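[1] How does the following fold in three dimensions:
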Amino acid sequence: MIDRCDAMMKLSSYDGTPYIGVYSVANENFALVPLNSYKTFETDIRESLGVEVEYASIAGTNVIGSLMAVNSYGAVVSRMAFDREIEIISKHVPAGRLDDRLNAAGNNILVNDHAALVNPRIKRRAIKGIEDLLQVEVIQENVAGCNTVGSACVVTNKGALCHPKTSKEDLEMLGSIFKVPASIGTLNYGTALVGACMIANTRGATVGSRSTPIELGRVEDGLGLF
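    Model prediction:
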């Protein structure tokens, strides 16, 4: 693990991969990491985000970040999630399954405490369930041509960092619905899908270990981590 001196941001990896947004998820109060995570990964998240960290799985897998979207009010998980997994999440926030064929909730939902942006291909029947669980307005739109908006961006209650091809119009749209400044960047030495590379809240960020100093600076600026 590579550690920054700034306590609000840490470079880290899960089992040797820097795409930690695929494997972990967090809100303002807690984070979930895979059952086989090294203690150093858990420590990096706990210290940088200032949250309780719990070891868990979704649908019996380690790709927690891809299969779960969460804010301060609730969590949406894959429809394949087991009852015992939902019970663990429900200790922290109300949790329920995404009733749609596109059920990788973390990839397809971008959310903070003000709004949720959702893959436009998710069926309308599932939108009401997302609204009820996350308790925010839901908008269906893509970002930079990507329908998997949860992979393309990261958003907190202080800022949003987005795919480098996100247009000025999309940045304005994101800023308006999420009520935070939105900017562009890359992580892990040029990876455009920044949501796959990090997790964050208003206190800090845990970022993929291949990210460069310039990329980290954009995270700081974009998410307001000063």
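[2] which residues touch R125?
    R125 is in contact with D99, D100, counting by Cβ atoms under 8 Å, 6 or more residues apart in numbering. C-betas here are computed from N, CA, C, even on glycine.
[3] Likewise for the one 4 residues further on?
    Taking Cβ under 8 Å, 6+ apart as the criterion, G129 is in contact with V76, G96, L98, D99.
[4] Show me which of the residues you listed are buried.
    Buried subset of the contacts of G129 (neighbour count, 16 or more other Cβ atoms under 10 Å): V76, G96, L98, D99.
[5] Please name the nearest non-neighbouring residue to the last one.
    Here the nearest residue to D99 in space, its sequence neighbours aside, is A126; by Cβ to Cβ, 6 or more residues apart in numbering that works out to 4.8 Å.
[6] So which bits of the helix or strand containing the one you found are buried?
    Per DSSP states H and E, A126 falls inside helix 124-134. Residues of helix 124-134 classed as buried: A126, I127, G129, I130, L133, L134 (neighbour count, 16+ other Cβ under 10 Å).
[7] Turn those residues into TSV, columns for distance to V63 and pLDDT.
    Formatted as TSV, the buried residues of helix 124-134 follow (distance: Cβ to Cβ, whole Å; pLDDT from 0 to 100):
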residue	distance to V63	pLDDT
A126	20	96
I127	23	97
G129	21	96
I130	20	98
L133	20	98
L134	20	98
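[8] In JSON lines: the residues you listed, plus distance to N62.
    Below are the buried residues of helix 124-134 laid out as JSON lines (distance: Cβ to Cβ, whole Å):
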{"residue": "A126", "distance to N62": "25"}
{"residue": "I127", "distance to N62": "28"}
{"residue": "G129", "distance to N62": "25"}
{"residue": "I130", "distance to N62": "24"}
{"residue": "L133", "distance to N62": "23"}
{"residue": "L134", "distance to N62": "24"}
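[9] And these, which is closest to G185?
    G185 has its nearest neighbour among the buried residues of helix 124-134 in L134, at 24.8 Å by Cβ to Cβ.
[10] I'd say the closest one and V77 touch.
    No - using Cβ atoms under 8 Å, L134 makes no contact with V77, being 11.8 Å away.
[11] Number of residues surrounding G175?
    15 (other Cβ atoms under 10 Å).
[12] So it sits against A182, correct?
    Yes - contact status for G175 versus A182: in contact at 4.5 Å, counting by Cβ under 8 Å.
[13] Please enumerate the shared neighbours of the two.
    Common neighbours of G175 and A182 (Cβ under 8 Å, 6+ apart) are A160.
[14] pull the CA atoms of stretch 70-88 into PDB?
    Output of stretch 70-88 as PDB, limited to C-alpha atoms (Å, rounded to 0.1, in the frame of the first residue of the first chain):
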ATOM      1  CA  VAL A  70     -25.700   4.000  -1.100                       C
ATOM      2  CA  ASN A  71     -26.300   7.400   0.400                       C
ATOM      3  CA  SER A  72     -27.100   8.600   3.900                       C
ATOM      4  CA  TYR A  73     -30.800   7.400   3.700                       C
ATOM      5  CA  GLY A  74     -30.600   4.000   2.100                       C
ATOM      6  CA  ALA A  75     -28.900   1.400  -0.100                       C
ATOM      7  CA  VAL A  76     -29.900  -0.300  -3.300                       C
ATOM      8  CA  VAL A  77     -28.300  -3.700  -4.000                       C
ATOM      9  CA  SER A  78     -28.300  -6.300  -6.800                       C
ATOM     10  CA  ARG A  79     -31.500  -8.300  -6.900                       C
ATOM     11  CA  MET A  80     -29.200 -11.400  -6.500                       C
ATOM     12  CA  ALA A  81     -28.200 -10.300  -3.000                       C
ATOM     13  CA  PHE A  82     -28.900 -12.800  -0.200                       C
ATOM     14  CA  ASP A  83     -31.200 -12.000   2.700                       C
ATOM     15  CA  ARG A  84     -28.300 -12.200   5.200                       C
ATOM     16  CA  GLU A  85     -26.300  -9.700   3.200                       C
ATOM     17  CA  ILE A  86     -29.200  -7.200   3.200                       C
ATOM     18  CA  GLU A  87     -29.600  -7.700   6.900                       C
ATOM     19  CA  ILE A  88     -25.900  -6.600   7.400                       C
END
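[15] Since that was my last question, I'll sign off now.
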